[in-house]
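Chemist: Using only what follows, build the 3D model:
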Amino acid sequence: MINDAARVVHGDLVISDWLRNRNTVEYLGIWESVYNPNFNYGEFAIIKSQAGLNSYKLSVKEWI
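Modeler: Residues are numbered from 1 along each chain as shown. Down below sits the predicted model:
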């Protein structure tokens, strides 16, 4: 599903690049806060603060 959404929005952009986008990270945080009772808000705050920086990278495995 994420892969399909990334392709629809960004053409052939790979998921890892899509996950670097601050708006994507914010969306995923909202999704998790609504649907995941075990959501780690502390870890998310760190991820969100780094999202969008040139040095920032996030893989699907790291997100999970």
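Chemist: When you work out contacts or count neighbours from here on, use the C-alpha atoms and nothing else.
Modeler: Noted.
Chemist: low-confidence ranges in this structure?
Modeler: 1-13 (pLDDT under 70).
Chemist: contacting residues for residue 59?
Modeler: 15-16, 19 (Cα atoms under 8 Å, 6 or more residues apart in numbering).
Chemist: which of those has the most neighbours?
Modeler: Within the contacts of residue 59, neighbour counts (other Cα atoms under 10 Å) peak at residue 19, which reaches 22 neighbours.
Chemist: Out of the contacts of residue 59, which sit inside strands?
Modeler: Nothing among the contacts of residue 59 maps onto strands, per DSSP state E.
Chemist: any chance of those residues in TSV, with distance to residue 64 too?
Modeler: Shown next, in TSV, are these (distance: Cα to Cα, whole Å):
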residue	distance to residue 64
15	14
16	13
19	12
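Chemist: and the next element down the chain from the lengthiest helix in the chain?
Modeler: In the chain, taking DSSP state H as the definition, the longest helix is helix 22-35. Once helix 22-35 ends, the next helix or strand along the chain (criterion: DSSP states H and E) is helix 41-50.
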